[in-house]
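> What follows is a predicted structure for the sequence shown.
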Amino acid sequence: MAKRGKKYLAAAAKVDRNRLYAPEEAVALVKETSFTKFDATVECHLRLGVDPRQADQQVRGVVVLPHGLGKKVRVLVFAQGDGARIAQEAGADIVADSDEWLKKIQDGFTDFDVAIATPDMMGKVGRLGKVLGPRGLMPNPKAGTVVPPEDIPRVIKEARAGRVEFRLDKSGNLHVPVGKVSFSANALSENLRAFLDAVMKAKPAAAKGTYLRRITVTSTMGPGVRVDPAAATAKA
């Protein structure tokens, strides 16, 4: 295990590792224990009671966080013809409408945060799976990122407003950003609750036993703070 620095140890000493905190207390503690000089990202890590090897126990979805993510989101759109024009007018950072763009991405260019595609481009975009897939950038109909041209402006707007896609990893965990340390504790807890509500709605019918097993919030490089699942999912 890596040796921890003095700042981390001082921050970790403020967290009771045996306690489950209410969401509002947890995010306030995450803000207090963040020691980086930059505006750290606040992340939520979930351990779910599902078997990721089973096709009927996959957890996947999208949530638009009410207070956004506090960062500039670069949007790339795979489209041609009218779709490309609409994407340009809707303010896409990059419109990948040519084979040159596809080659550039195939060669490793991934300087964007969200990729959207029109259905007619997916035959070509599918070939980029090895580059986009591992980075979570592959457009997908289930995630709402493969859309007809007329829906492109809405999806771009959502992406910039704090649209977060989540998907179960091979260990049965979910990891998503829910804002920045500079956000108020209230904004962070509202973002956290919105994410947890979306995860609850995405619960597979085949999931048995306890669904939300462990919830941890943390800042970049900061200590983890455990959240009480019952308090986190209780309706206000």
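Everything's here; your move.
> Verify the stated contact: Leu76 with Asp93.
Yes: between Leu76 and Asp93 there is a contact under C-beta atoms under 8 Å: 6.6 Å. C-beta coordinates here come from the backbone N, C-alpha and C atoms, glycine included.
> Packing partners of the longest helix belonging to the chain?
Looking across the chain with DSSP state H, the single longest helix is helix 185-201. Helix 185-201 sits against helix 23-33, strand 41-48, strand 60-64, strand 163-167, strand 173-180, strand 212-219, helix 229-233, with contacts defined as 3 or more C-beta pairs under 8 Å, 6 or more residues apart in numbering; DSSP states H and E.
> CA atoms only for it - export them in CSV, please.
What follows is helix 185-201, C-alpha atoms only, in CSV (Å, rounded to 0.1, in the frame of the first residue of the first chain):
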residue,chain,number,x,y,z
ALA,A,185,-22.6,21.6,0.4
ASN,A,186,-26.2,22.0,-0.6
ALA,A,187,-25.5,21.9,-4.3
LEU,A,188,-23.3,18.8,-3.9
SER,A,189,-25.8,16.9,-1.8
GLU,A,190,-28.6,17.7,-4.4
ASN,A,191,-26.3,16.4,-7.2
LEU,A,192,-25.5,13.3,-5.1
ARG,A,193,-29.2,12.6,-4.4
ALA,A,194,-30.1,13.1,-8.1
PHE,A,195,-27.4,10.5,-9.0
LEU,A,196,-28.5,8.0,-6.4
ASP,A,197,-32.2,8.4,-7.5
ALA,A,198,-31.1,7.6,-11.1
VAL,A,199,-29.2,4.5,-9.8
MET,A,200,-32.3,3.4,-7.9
LYS,A,201,-34.5,3.8,-11.0
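> Format the helices and strands packed on helix 185-201 as JSON lines; extra columns: mean neighbour count, mean pLDDT and distance to Ile152.
Listed next are these as JSON lines, based on neighbours: other C-beta atoms under 10 Å; pLDDT from 0 to 100; distance: least, C-beta to C-beta, whole Å:
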{"stretch": "helix 23-33", "mean neighbour count": "22", "mean pLDDT": "93", "distance to Ile152": "34"}
{"stretch": "strand 41-48", "mean neighbour count": "21", "mean pLDDT": "95", "distance to Ile152": "27"}
{"stretch": "strand 60-64", "mean neighbour count": "17", "mean pLDDT": "87", "distance to Ile152": "16"}
{"stretch": "strand 163-167", "mean neighbour count": "20", "mean pLDDT": "87", "distance to Ile152": "13"}
{"stretch": "strand 173-180", "mean neighbour count": "20", "mean pLDDT": "93", "distance to Ile152": "24"}
{"stretch": "strand 212-219", "mean neighbour count": "20", "mean pLDDT": "94", "distance to Ile152": "33"}
{"stretch": "helix 229-233", "mean neighbour count": "17", "mean pLDDT": "86", "distance to Ile152": "34"}
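> Kind regards, and thank you for your time.
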